[in-house]
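Asker: Below are the sequence and a predicted model for it; my questions follow.
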Amino acid sequence: MKRRLLLLVPLVGFLLLSGFLYMGLSLDPFQRDSALLARDFPAFSLSTLDDPEARVDESLFKGGEVTLVNVWGEWCPTCKQEMPQLLDLAERGVRLVGVDYKDTRDKGREFLDEFGNPFEVNIFDPEGDLGFELGVYGAPETFLVDGDGVIRYHHTGYITPEDVNDTIMPEVEKWQ
């Protein structure tokens, strides 16, 4: 009898482990919440993409205006697909700040020349330091920052045309 129970222990353990792994497969990695929600935008001091001498810091987000901060890179194919939606948001009057993530100045400028530049400012983050502070694990990622510099919304991945109307614009309006 004891021997039969001992044989069932590995089977039960295997079934439990299989169940947990199966549940994990159904999780969407793009639906994760940022640990920075309701926190101040991280402190940083970086140059802009256009001017290596021009420095910007987190005070960029404390002017009373809601800002979408989009982390992008020339190397990112999805960023190219997302650019029409960002241009649309800029045309609607949404303030956008870009973070050129793990890129070179020349490639970043070429990207904007080819696909358009909806950004009021592009922060140049060649080492990914600001991206690391934001918890970015890939591009594109977008953060909504309220007028006091507090992160209020996080969008992981590509912003679809539907996301603009169904999610992004309502969030912008909510925090204005």
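Answerer: Structure's in. What do you need?
Asker: Could you use CA atoms for every contact and neighbour count after this?
Answerer: Fine.
Asker: in this protein, which helix or strand is least confident?
Answerer: helix 2-25 (a mean of 60; mean pLDDT, DSSP states H and E).
Asker: if I pick W75, what's in contact with it?
Answerer: Contacts for W75 (CA atoms under 8 Å, 6 or more residues apart in numbering) come out as D103.
Asker: Tell me the confidence at it?
Answerer: With respect to pLDDT, W75 scores 96.
Asker: So it, which state does it fall into?
Answerer: coil (DSSP: H, G, I helix; E, B strand; the rest coil).
Asker: That one and V145, how far apart?
Answerer: With distances taken as CA to CA, to the nearest Å, W75 is found 25 Å from V145.
Asker: Likewise for E120?
Answerer: 14 Å.
Asker: Looking at the two, which is more packed in?
Answerer: A side-by-side neighbour count of E120 and V145, using other CA atoms under 10 Å, places V145 first with 26 against 13.
Asker: pretty sure that one is touching V69, no?
Answerer: Yes. Between V145 and V69 there is a contact at 7.3 Å, judged by CA atoms under 8 Å.
Asker: Can you show me the strands along this structure?
Answerer: For the chain, the strands defined by DSSP state E occupy 45-47, 55-57, 67-72, 95-101, 121-125, 141-145, 151-156.
Asker: Can you list the neighbours in contact with the second one?
Answerer: Meaning strand 55-57. Contacts of strand 55-57 (CA under 8 Å, 6+ apart): 43-48, 123.
Asker: Please point out which parts of it sit buried.
Answerer: Neighbour counts using 16 or more other CA atoms under 10 Å place V56 of strand 55-57 among the buried residues.
Asker: ok, it: who's next to it in the sheet?
Answerer: Using DSSP bridges, the strands paired with strand 55-57 are strand 45-47 (antiparallel).
Asker: Name the residues of the strand it pairs with that come out as buried.
Answerer: Quick answer for strand 45-47 (16+ other CA under 10 Å): 46-47.
Asker: repeat for stretch 169-176
Answerer: Buried, per 16+ other CA under 10 Å, within stretch 169-176: 171-172.
Asker: repeat for stretch 118-128
Answerer: 118-119, 121-126, 128.
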